[in-house]
Structures are given as C-alpha cells and as structure tokens.
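In: Please find the sequence and the predicted model below.
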Amino acid sequence: MAADLQTYELVPLGNVPDDHEFWSGTLFRLYNVGMNVKDKSEDFYEYMLVDDNDPDHMILANSSREAGRYKRGLVICHVKRLKGASRAVVTGAAMKFSFGTEHTY
C-alpha cells in the first residue's frame, strides 16, 4: 500500500498575520539562496524553528539536506518568544522582524 503524500501550500511570510503563532518544528523556506541548480524552484534552504530552552527566544536553524555539512544546523537567527504565553511559540510579527519577508515562505 502506497503512503499518502501530503502536499503543502507555501504561503509568503509577508502574508501571514502578525498574531499567527508558530510552534517548534515549523519549517520555513528561503528562496534565491544561490544554490547551483538548473531549476530555480529548487534554489532554497529550509529552516526549522527550534526550542533551545532559552526563555526569551527560539532559534531558526538550517534543516536542508542539500545545504551541505557546513550549513546544515547553522542558526540563521533568534526569534523572540510570545511573552506571557504558557507555551513556546513565536508570532508572525516576530518571524518577520527576525527572518525578513523577502523570498520567505
């Protein structure tokens, strides 16, 4: 029996509401990173939001298999956690501030 493959719609980070909450494990894509690929739709790195037990921030780390051993795991930014929340989340506004919106999904 074949496994069901889920497809996800990429949403530009700039279109995400500022109050949207992102949890640890959320993936983000940054396009136009300069990879040597024929198909420019494959010119991206994926980053994962990671809870590193800092009470004020979460990190965004490169999780791309294609990134190579020197870039995979590299922290690109720290993102401020939602203050006063009883859960580890960051908001759309915090992601936009820390990661930017250009070529970001």
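Out: That came through, no problem. Numbers count the residues shown, from 1 in each chain.
In: Please make it C-alpha for all contacts and neighbour counts, starting now.
Out: Fine.
In: Now the phi/psi pair for residue 37, please.
Out: phi -130, psi 150 (degrees, to the nearest 10).
In: wait, doesn't it sit right on residue 44?
Out: No - using C-alpha atoms under 8 Å, residue 37 makes no contact with residue 44, being 9.8 Å away.
In: Between these two, which has more neighbouring residues?
Out: residue 44 (21 against 10; other C-alpha atoms under 10 Å).
In: residues contacting that one?
Out: Counting by C-alpha atoms under 8 Å, 6 or more residues apart in numbering, residue 44 makes contact with 29-35.
In: so how far is residue 88 from residue 9?
Out: Per C-alpha to C-alpha, to the nearest Å, residue 9 is found 24 Å from residue 88.
In: Compare these two (neighbour count), which wins?
Out: Using other C-alpha under 10 Å as the criterion, residue 9 and residue 88 rank with residue 88 on top: 20 against 6.
In: My guess is the more buried one contacts residue 23. True?
Out: Yes - judged on C-alpha under 8 Å, residue 88 makes contact with residue 23 at a distance of 6.6 Å.
In: Which residues are in contact with each of these two?
Out: By C-alpha under 8 Å, 6+ apart, no residue touches both residue 88 and residue 23.
In: Now for the residue nearest to residue 82 when sequence neighbours are not counted, how many residues are close by?
Out: Excluding the flanking residues, the one nearest residue 82 by C-alpha to C-alpha, 6 or more residues apart in numbering is residue 90, at 5.2 Å. When counting by other C-alpha under 10 Å, one arrives at 25 neighbours for residue 90.
In: now swap in residue 13 and tell me
Out: Number of residues near residue 13 (other C-alpha under 10 Å) recorded here: 22.
In: Kindly provide the distance from the nearest residue to it once chain neighbours are set aside to residue 9.
Out: Leaving out its chain neighbours, the residue that sits closest to residue 13 by C-alpha to C-alpha, 6+ apart is residue 105, at 5.0 Å. Note on residue 105: its distance to residue 9, by C-alpha to C-alpha, is 9 Å.
In: Repeat that for residue 27.
Out: 12 Å.
In: With residue 83 instead?
Out: Counting by C-alpha to C-alpha - residue 83 and residue 9 are separated by 29 Å.
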